[in-house]
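Peer 1: Can you look at this prediction? I've put the sequence above it.
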Amino acid sequence: MGDNRNMFLAIGLSLAVIVLWQFFFIEPQLEAQRQVELEQQTRAAQSETIAPGAAPGTTAPGSAASGSDIPSAPQADGAVTQPATPGAAAAAIAEAPRVPIETPSVDGSINLAGARLDDLKLKDYHVTPDKSSDEVVLLAPTGTSDPYFVETGWVPGSGQDVAVPTSSTVWTLTEGETLTPNTPVTLSWDNGAGLIFRRTISVDEHYMFTTVQSVENTTEATVALHPYSRVRREGEVETSGYFILHEGFLGVMGDEGLVQENYGDVAESGTNNLPRSGSGWLGITDKYWATAIIPDPGTTFNPRFLYRTQNNLPAYQADYLADAVTVEPGTTVEATARVFAGAKETKLIQSYEDTLSIDRFNLMIDWGWFYFITKPMFYVLDFIQGIVGNFGVAILITTVLVKLVFFPLAQRAYTSMAKMKALQPKIKQMQERYKDDRVKQQQAMMELYKKEKVNPLAGCIPILIQIPVFFSLYKTLFVSIEMRHAPFFGWITDLSAPDPTSVFNLFGLIPYDPSAVPVIGSFLAIGVWPLIMGITMWLQMKMNPAPPDPTQAMIFNIMPIFFTFLLASFPAGLVIYWAWNNSLSVLQQYVIMRRHGVKVELWGNIASLFKRGDKKKSAT
């Protein structure tokens, strides 16, 4: 009786955690996730039409008294951000020529009006698991429904009255034709008053752009200029909305460390001036993608998160203003800045941190508070996947490894459970003897446990072990882009998404989507793997004798069904893990019980269900 109570308590606690997670963090956000995917498809379709982008607005920077003087309103000329049409795109091409970008990882173009990086697609990532679907669009120009761009430039120093390039300045391409990892491009612009501005832009084979901007002073006066960079995103931003994942503004600011701000929080404050820093980076992140501006190491800068509205549309901006540089007559000065614009691949992000000395760049990936569990979990899975070539198989192998690591603990737990079963006759005698005195009954049982060296809490251990592994795997599946669209076998083409099949439409035979049903839709997507998981959980329950208490017995019978519905909306990789873990647990418990000469209740419990049905039929 005692071991059943403890098992019931452990499962109940686990159930409570998962139920709360489902209702408060998962179920309310499934629709938001679908909206994000729809938006990606729409942006990809627009990108195919708009390709070179649209005409940018004009912004005139003011004096550099503070970081707030960085250009912050690219629509200052009255242009309206709205969905572009093919005609508008053609006009934009004529007005703003572009420099093509072609690398193994990205394609797009640089807008010579403003020298903006505002057209970028990720070659290796598609909107759906189908490789023929549209590429993911990361950056898009002004004139589309969701402008998102990066801009680098100069702001005059305090008291300086000099003409600097603006967002409408059309640069001249002086070197190179196409930006590739082997061929940088150089742009130039003469302000007509003795200052010649140049920008040399290079890119690696992945997602790191480097801009070296220089100013040549041919006048007889000293000029002071502040370098700046900004990431700007306009329009309503749809996020996944999950509590366990940060999307929005983020950065590392020297001693301040990691700073994260939601879109809504910055919208409320309008401007969030961050601590002046001598190292770090800042930008905007999505679940799988990010755009970050990175000052050259050793540069002192004033970072800021900003919110503005233009033509009733929201605009979110992360920017920094570096200390002024002095350009003496007859000299040239340079300022280097980097832009990361791409997928948050774990090893790549870490390599940038190591090779480019970018302060804590790995924090761009949101591993959460339990990073010491989730990050090693990812590396184990990624290592095994590199050998077997399949993340689903890697999950199965990792589950076995976890079982081996915790084998001694589980061994003691199942051994203690086997001894508890052997003591059941004595326990029942005590319950009968002291049925009117619960205190004496408990005392007698505790003395028996002590004498036989049995831990009545042992039944909780296998489940308690599974909980941290479950959450760490869930986080890994959720945040790591390596898991996105990672296939298993058969119909599982994306381990980070739920099993796409459903028993309620006969696994696709009926042209009907049960998940579209309001409120309960996610609970109706009971696919093949959730059913397998439910069956293995039911088998694990049947390994133990039925609880004598009718209420407990009923809950134990319902629990596998409840978990089947509950976990159906979880990532398929997690459901596969749970099913496989249950199967290994059944096998492990079966072997240990047989070794101790304890009767395995599994077959008897299953047979009793049919006998019970036969009795009911004979009674009628």
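Peer 2: That came through fine.

Peer 1: per-residue confidence at T81?
Peer 2: With respect to pLDDT, T81 scores 38.

Peer 1: Quick one: low-confidence residue ranges for the stretch 301-450 of the chain.
Peer 2: Within the stretch 301-450 of the chain, the set of residues satisfying pLDDT under 70 comprises 417-418.

Peer 1: where exactly do the helices run in the stretch 201-350 of the chain?
Peer 2: Along the stretch 201-350 of the chain, the stretches classed as helices by DSSP state H, counting those that start in this stretch are 263-269, 346-356.

Peer 1: Tell me which of those helices approaches I294 most closely.
Peer 2: helix 346-356 (7.8 Å; Cβ to Cβ). In short, each C-beta sits where N, CA and C put it, glycine included.

Peer 1: What residues of that closest one count as buried?
Peer 2: T346, L348, I349, Y352, E353, L356 (16 or more other Cβ atoms under 10 Å).

Peer 1: What is the nearest of the residues you listed to Y512?
Peer 2: T346 (38.8 Å).

Peer 1: okay, now the domains of this structure?
Peer 2: Following automatic domain parsing, one finds the domains of the chain at 2-27+375-619, 51-366.

Peer 1: Make JSON lines out of the buried residues of helix 346-356 and add distance to K451.
Peer 2: Below are those laid out as JSON lines (distance: Cβ to Cβ, whole Å):
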{"residue": "T346", "distance to K451": "53"}
{"residue": "L348", "distance to K451": "60"}
{"residue": "I349", "distance to K451": "57"}
{"residue": "Y352", "distance to K451": "62"}
{"residue": "E353", "distance to K451": "58"}
{"residue": "L356", "distance to K451": "65"}
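
Peer 1: Show me where the stretch 151-300 of the chain has its strands.
Peer 2: Assigned by DSSP state E, counting those that start in this stretch, the stretch 151-300 of the chain shows strands spanning 172-175, 185-190, 195-203, 208-217, 223-234, 248-253, 258-261, 271-273, 280-285, 289-295.

Peer 1: worst average pLDDT in those strands?
Peer 2: Looking at those, the bottom one is strand 271-273 with a mean of 88.

Peer 1: can you pull the buried residues of that one?
Peer 2: For strand 271-273, the buried set under the neighbour-count rule, 16+ other Cβ under 10 Å, comprises N272.

Peer 1: next one: stretch 358-372
Peer 2: For stretch 358-372, by 16+ other Cβ under 10 Å, it's I358, D359, F361, N362, L363, M364, I365, D366, W367, G368, Y371.

Peer 1: Check stretch 218-235 too.
Peer 2: By 16+ other Cβ under 10 Å, the buried positions in stretch 218-235 come out as 223-235.

Peer 1: now do stretch 117-136
Peer 2: Buried residues in stretch 117-136 (16+ other Cβ under 10 Å): L117, D118, D119, L120, K121, L122, Y125, H126, V127, D134, E135, V136.

Peer 1: Which of the helices or strands spans the fifth one?
Peer 2: Counting by DSSP states H and E, the element that carries K121 is strand 116-126.

Peer 1: what's the offset of that strand from the middle of its chain?
Peer 2: 19 Å (Cα atoms, centre = their mean, to the nearest Å).

Peer 1: who does the helix or strand just after it touch, helix- and strand-wise?
Peer 2: Next along the chain after strand 116-126, taking DSSP H and E as the criterion, comes strand 135-139. Secondary-structure packing of strand 135-139 (3 or more Cβ pairs under 8 Å, 6 or more residues apart in numbering; DSSP states H and E): helix 30-50, strand 116-126, strand 148-156, strand 289-295, strand 332-343.

Peer 1: For the third one, buried residues please.
Peer 2: With burial defined by 16+ other Cβ under 10 Å, the residues of strand 148-156 counted as buried are Y148, F149, V150, E151, T152, G153, W154, V155, P156.

Peer 1: If we only consider those, which is nearest to Q424?
Peer 2: Y148 (65.3 Å).

Peer 1: contacting residues for that closest one?
Peer 2: D118, L138, L139, A140, R232, R233, E234, T291 (Cβ atoms under 8 Å, 6 or more residues apart in numbering).

Peer 1: And those, which is closest to R304?
Peer 2: The closest of the contacts of Y148, once distances to R304 are taken by Cβ to Cβ, is R232, at 12.1 Å.

Peer 1: Can you tell me, leaving aside adjacent residues, what's nearest to the closest one?
Peer 2: What sits nearest to R232 in space, not counting adjacent residues and going by Cβ to Cβ, 6 or more residues apart in numbering, is Q317, at 4.6 Å.

Peer 1: Save the buried residues of strand 148-156 as JSON lines, and put in pLDDT and distance to L313 too.
Peer 2: Shown next, in JSON lines, are the buried residues of strand 148-156 (pLDDT from 0 to 100; distance: Cβ to Cβ, whole Å):
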{"residue": "Y148", "pLDDT": "94", "distance to L313": "13"}
{"residue": "F149", "pLDDT": "95", "distance to L313": "15"}
{"residue": "V150", "pLDDT": "97", "distance to L313": "19"}
{"residue": "E151", "pLDDT": "96", "distance to L313": "18"}
{"residue": "T152", "pLDDT": "95", "distance to L313": "23"}
{"residue": "G153", "pLDDT": "95", "distance to L313": "23"}
{"residue": "W154", "pLDDT": "95", "distance to L313": "27"}
{"residue": "V155", "pLDDT": "94", "distance to L313": "25"}
{"residue": "P156", "pLDDT": "93", "distance to L313": "29"}
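
Peer 1: can you list these in TSV and add distance to L282?
Peer 2: As requested, the buried residues of strand 148-156 are arranged in TSV below (distance: Cβ to Cβ, whole Å):
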residue	distance to L282
Y148	16
F149	16
V150	12
E151	14
T152	14
G153	17
W154	19
V155	17
P156	23
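
Peer 1: Go ahead and flag the most central residue of this structure.
Peer 2: V479 (2.8 Å; Cα atoms, centre = their mean).

Peer 1: What residues does the nearest residue to that one once chain neighbours are set aside make contact with?
Peer 2: Counting by Cβ to Cβ, 6+ apart, V479 lies nearest to D366, which is 5.5 Å off, once chain neighbours are set aside. Shown in contact with D366 (Cβ under 8 Å, 6+ apart): L245, H246, T285, V479.

Peer 1: Can you tell me which of those residues comes closest to V212?
Peer 2: T285 (25.6 Å).

Peer 1: elements contacting the strand holding K121?
Peer 2: helix 30-50, strand 98-102, strand 106-111, strand 135-139, strand 148-156, strand 332-343.

Peer 1: related to what we said a few turns ago, farthest pair in the buried residues of stretch 358-372?
Peer 2: Longest span within the buried residues of stretch 358-372, Cβ to Cβ: I358 and G368, 21.1 Å.

Peer 1: that older thread, so the residue nearest to R232 is in contact with S229, correct?
Peer 2: No: under the criterion of Cβ atoms under 8 Å, Q317 is not in contact with S229, lying 10.7 Å apart.

Peer 1: ranking the contacts of D366 by neighbours, who comes first?
Peer 2: Neighbour counts for these (other Cβ atoms under 10 Å) peak at V479, which has 25 neighbours.

Peer 1: gap between Q424 and M430?
Peer 2: 11 Å (Cβ to Cβ, to the nearest Å).

Peer 1: who has more neighbours, those two?
Peer 2: M430 (19 against 14).

Peer 1: Please name the residues that touch the more buried one.
Peer 2: Per Cβ under 8 Å, 6+ apart, neighbours of M430: Q441, A444, M445, L448.

Peer 1: Would you mind putting those residues into CSV with neighbour count and secondary structure alongside?
Peer 2: CSV is the format used below for the contacts of M430 (neighbours: other Cβ atoms under 10 Å; DSSP: H, G, I helix; E, B strand; the rest coil):
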residue, neighbour count, secondary structure
Q441, 18, helix
A444, 18, helix
M445, 19, helix
L448, 16, helix
